[in-house]
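Engineer: Here is my input, please return the structure:
(2 chains)
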Amino acid sequence: MVTDWIAGVITALGPWFTAFFLLCIFSFTYKENPWFRFAEATYLGVATAYTIGFNLDWLLSQWRTIWSLTSTKIILFSLALLVGLLWYFRFSKKYFWLYRIPLSVAVGTYIGLSLRTMVFAQFLHQIRATFIPLVAKTPP
Amino acid sequence: MQAGTGKKSVWERLQEVDSRIIYLLLWIVILWPLISPIGLPISISTGTREYFKVIDGLKPGSKVILSYDLSFAGLHELGPMTIATLHHLLSKDVKVYICSFWEAGSDIAADDIRALNPEKNYGKVYGRDYIHMGYNPMREVGMAQFASDVYKAFPADYINKKPLETYEIMKGVSGAKDFDLLISIQSRTPGNPEWVRQWIAPYGIPYILGALGVSVPEVAPYYNAGQVKAFIAGLRSAAEYELLVGRRGVALAQQDPLSTTHILVILFVVVGNLGYFFTRAKGKR
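Structural biologist: Now for the predicted structure:
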């Protein structure tokens, strides 16, 4: 299979690429240089592409397995996508306000979820743990 | 400077050593023991023993979650403890549910599975004894979703992309209450506070974790409060754990360079201080 062959080549070349980029990055300890900048830019590009690709893949798997099954779910999924796309109005001066909608949804969801148990998990439980006996017990 | 001559004394020069010389010395003391290991002895700390005991004391058939909450940047420190933990779990008669709330975590887990080869080396079957449930990008929200409904958080597995409910290992599993132990190997956020808020406080699941060395002050209050049963942190703990599980790996190999580097840094501190005091004493005269 061609894909297996490509995977084999990539696996074989992997350590060499790792060594090369490692030396490029560590060359910064000597001084700033084009090799370091090349490795830095490559790292950022790969990391960004990896994150976007991975999250898109997750979105597709959600669509295939849950949200494409009924018309109600399709509508809900489309609505969620539309709200998600509003994030990009962050880059528009005119429609900047639209960006606040997904932001408020995200912040509200996170605060709502974490506050639900934060009082117990990170407040009461932590305080209770400090209530230790004033008199030390001697082991039997 | 010495009056009149313009030449710097040894102590003055020691305080102005070019940082590149220091980097070069560091390279040497790291590479030398990696190429030719010394095998300096290491002791095993109480924390690592506790972590080991929690996993070792699992009853047959226990359902254990191993969450790969780490990135490639944290892999050098967390990778060894992750693979050692997976090895320990696969060596026991327990069901292992692998998941991740960090993008890279899923790929790192898949690499670990490939490296350990559970079918060949442990006699385990994918989908019956262990499963890779994949990645959920929703961080704390995803953890809460996972606790209430596994199948919504992870609709399909990571290896075969098949619906999770089609696997034998998922029988009788619906949410957090069905698991016996949660293990999270974590870089930072989402990590310990999120797990404690969404899993430990509401469901009381026994929980242990592996963290970066710098995370110890953050994890310690949770450990003292009993929310974290045990934890290991940093490469040193990973090396101790490798010794306990009997699988010598990368962490143990890196203990010699860690020691030699520390010796060099101590030497730098001593020489720097001596230089400072001698220069000051000369200035006073």
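Engineer: can you tell me which residues contact the most centrally placed residue in chain A?
Structural biologist: Central residue of chain A (C-alpha atoms, centre = their mean): A:Thr51, 6.9 Å from the mean position. A:Thr51 is in contact with B:Glu103, counting by C-beta atoms under 8 Å, 6 or more residues apart in numbering or on different chains. From N, CA and C alone the C-beta is placed, and that goes for glycine too.
Engineer: now it: how far from A:Val105?
Structural biologist: Distance from A:Thr51 to A:Val105, counting by C-beta to C-beta, to the nearest Å: 21 Å.
Engineer: got it, and B:Lys8?
Structural biologist: Using C-beta to C-beta, we find B:Lys8 at a distance of 64 Å from A:Val105.
Engineer: quick one: is stretch A:6-13 near chain B?
Structural biologist: No. Using C-beta under 8 Å from any C-beta of the partner chain, stretch A:6-13 never reaches chain B; the gap is at least 10.6 Å.
Engineer: Which residues in that stretch does the neighbour count mark as buried?
Structural biologist: When burial is assessed from 16 or more other C-beta atoms under 10 Å in any protein chain shown, stretch A:6-13 yields no buried residues.
Engineer: Just the CA atoms of it, as CSV, please.
Structural biologist: In CSV, the C-alpha atoms belonging to stretch A:6-13 read as follows (Å, rounded to 0.1, in the frame of the first residue of the first chain):
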residue,chain,number,x,y,z
ILE,A,6,4.5,6.9,3.0
ALA,A,7,3.9,6.2,6.7
GLY,A,8,7.1,4.1,6.8
VAL,A,9,9.2,6.9,5.2
ILE,A,10,7.7,9.5,7.6
THR,A,11,8.5,7.2,10.6
ALA,A,12,12.1,6.7,9.3
LEU,A,13,12.6,10.4,8.7
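Engineer: So, low pLDDT: which residues of the chain?
Structural biologist: Using chain A here. Chain A contains residues with pLDDT under 70 at A:139-140.
Engineer: Correction: the question concerned chain B.
Structural biologist: Applying pLDDT under 70 to chain B picks out residues B:1-6, B:283-285.
Engineer: Helices along that one, start to end?
Structural biologist: B:10-15, B:19-35, B:46-56, B:75-91, B:103-116, B:118-121, B:139-148, B:150-153, B:192-195, B:201-203, B:216-224, B:234-245, B:250-253, B:255-284 (DSSP state H).
Engineer: so how far is the last one from its chain's centroid?
Structural biologist: Read it as helix B:255-284. In this view, helix B:255-284 has its centroid 30 Å away from the chain centroid, taken as C-alpha atoms, centre = their mean, to the nearest Å.
Engineer: Go through that helix and flag the buried ones.
Structural biologist: Those would be B:255-261, B:264, B:275, B:278-279, for helix B:255-284 by 16+ other C-beta under 10 Å.
Engineer: Output the residues you listed as a markdown table; include the columns distance to B:Gly249.
Structural biologist: Listed next are those as a markdown table, based on distance: C-beta to C-beta, whole Å:
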| residue | distance to B:Gly249 |
| --- | --- |
| B:Gln255 | 11 |
| B:Asp256 | 14 |
| B:Pro257 | 15 |
| B:Leu258 | 14 |
| B:Ser259 | 17 |
| B:Thr260 | 19 |
| B:Thr261 | 19 |
| B:Leu264 | 25 |
| B:Gly275 | 40 |
| B:Phe278 | 45 |
| B:Thr279 | 46 |
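Engineer: May I ask which two of those residues are separated the most?
Structural biologist: Within these, B:Gln255 and B:Thr279 form the most distant pair, 36.3 Å apart (C-beta to C-beta).
Engineer: Could you chop the chain up by domain?
Structural biologist: Because you didn't say which chain, this covers chain A. Here the domain assignment for chain A is A:1-69, A:86-130, based on automatic domain parsing.
Engineer: actually chain B
Structural biologist: If you go by automatic domain parsing, chain B breaks into B:10-38+B:257-284, B:46-251.
Engineer: right, so the ones you listed: which one is the most enclosed?
Structural biologist: Most buried of these by mean neighbour count (mean count of other C-beta atoms under 10 Å in any protein chain shown) is domain B:46-251; its value is a mean of 20.
Engineer: So is that domain next to chain A?
Structural biologist: Yes. Interface with chain A: domain B:46-251 contributes B:103-104, B:106, B:134-137, B:140-141, B:144, B:152, B:155-156, B:161, B:163, B:193-194, B:196-198, B:200-202, B:221, B:224-227 (C-beta under 8 Å from any C-beta).
Engineer: Would you confirm that B:Met51 contacts B:Phe231?
Structural biologist: You called it Met, but residue B:51 is Tyr. Yes. B:Tyr51 lies in contact with B:Phe231 (C-beta atoms under 8 Å); the separation is 6.5 Å.
Engineer: Pull up the residues of chain A that are close to chain B.
Structural biologist: Going by C-beta under 8 Å from any C-beta, the residues of chain A near chain B are A:29-31, A:50-51, A:54-55, A:58, A:61-62, A:64-66, A:109-110, A:113-114, A:116-118, A:120-122, A:125-126, A:128-129.
Engineer: Filter those down to the buried ones.
Structural biologist: Among the residues of chain A next to chain B, those scoring as buried are A:54, A:58, A:61-62, A:65-66, A:113-114, A:117-118, A:120-122, A:125-126 (criterion: 16+ other C-beta under 10 Å).
Engineer: Most widely separated two among those residues?
Structural biologist: Greatest spacing in those, by C-beta to C-beta: A:Thr65 and A:Gln126 (38.9 Å).
Engineer: Identify the residues contacting B:Lys229.
Structural biologist: Counting by C-beta under 8 Å, 6+ apart, B:Lys229 touches B:50, B:54, B:206-208.
Engineer: now, which of the residues you listed sits nearest chain A?
Structural biologist: Nearest to chain A among these: B:Tyr207, at 11.4 Å, using C-beta to the nearest C-beta.
Engineer: Identify the bridge partners of the closest one.
Structural biologist: As for beta bridges, B:Tyr207 partners with B:Leu182 under DSSP bridges.
Engineer: how close does it sit to A:Thr72?
Structural biologist: Applying C-beta to C-beta to B:Tyr207 and A:Thr72 gives a distance of 37 Å.
Engineer: Specify the angle between the longest helix that chain A contains and helix B:103-116 in degrees.
Structural biologist: What stands out as the longest helix in chain A, according to DSSP H, is helix A:34-62. Following axes from the mean of the first three to the mean of the last three C-alpha atoms, to 10 degrees, one obtains 90 degrees for the angle between helix A:34-62 and helix B:103-116.
Engineer: what packs against whichever helix or strand comes after helix A:34-62?
Structural biologist: The element immediately downstream of helix A:34-62 (helix or strand, assigned by DSSP states H and E) is helix A:71-85. For helix A:71-85, the packing partners by 3 or more C-beta pairs under 8 Å, 6 or more residues apart in numbering or on different chains; DSSP states H and E come out as helix A:100-118.
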